[in-house]
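**Student:** Could you look at this predicted model? Sequence included:
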Amino acid sequence: MCFDVGVVYLDKSNRVSKVIKSLKPFKIVFPVKNSVSILEIPLNITNAEELVG
């Protein structure tokens, strides 16, 4: 990964449990409790209002 990405953690009901708006390349993040899925998305759509509608 050579560029920043947005990271969205989802629980088992596909609800957003945490959003990291900008994750730098090669950075390590710890697991988020109750999250079962992770989305890596372009930085321009990591605004929480855009994610939940």
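**Tutor:** Happy to help now that I have it. Note that the structure is a prediction, hence the values are computed from the model and not measured. Numbering: from 1, shown residues only.

**Student:** so for the strand or helix carrying V8, what's the average pLDDT?
**Tutor:** Assigned by DSSP states H and E, V8 belongs to strand 5-10. The average pLDDT for strand 5-10 rounds to 90.

**Student:** mind checking how far it is from the chain centre?
**Tutor:** In terms of CA atoms, centre = their mean, to the nearest Å, the centre of strand 5-10 is set 1 Å apart from its chain centre.

**Student:** pLDDT weak spots in the chain?
**Tutor:** Low-confidence segments of the chain (pLDDT under 70): 1, 44-53.

**Student:** what about 90?
**Tutor:** The model of the chain has pLDDT under 90 over residues 1-7, 19-22, 25, 40-53.

**Student:** which stretches of it form strands?
**Tutor:** With DSSP state E as the criterion, the chain has strands at 5-10, 16-23, 37-41.

**Student:** Note down every partner strand of the last one and its orientation.
**Tutor:** On the basis of DSSP bridges, the sheet neighbours of strand 37-41 come out as strand 5-10 (antiparallel).
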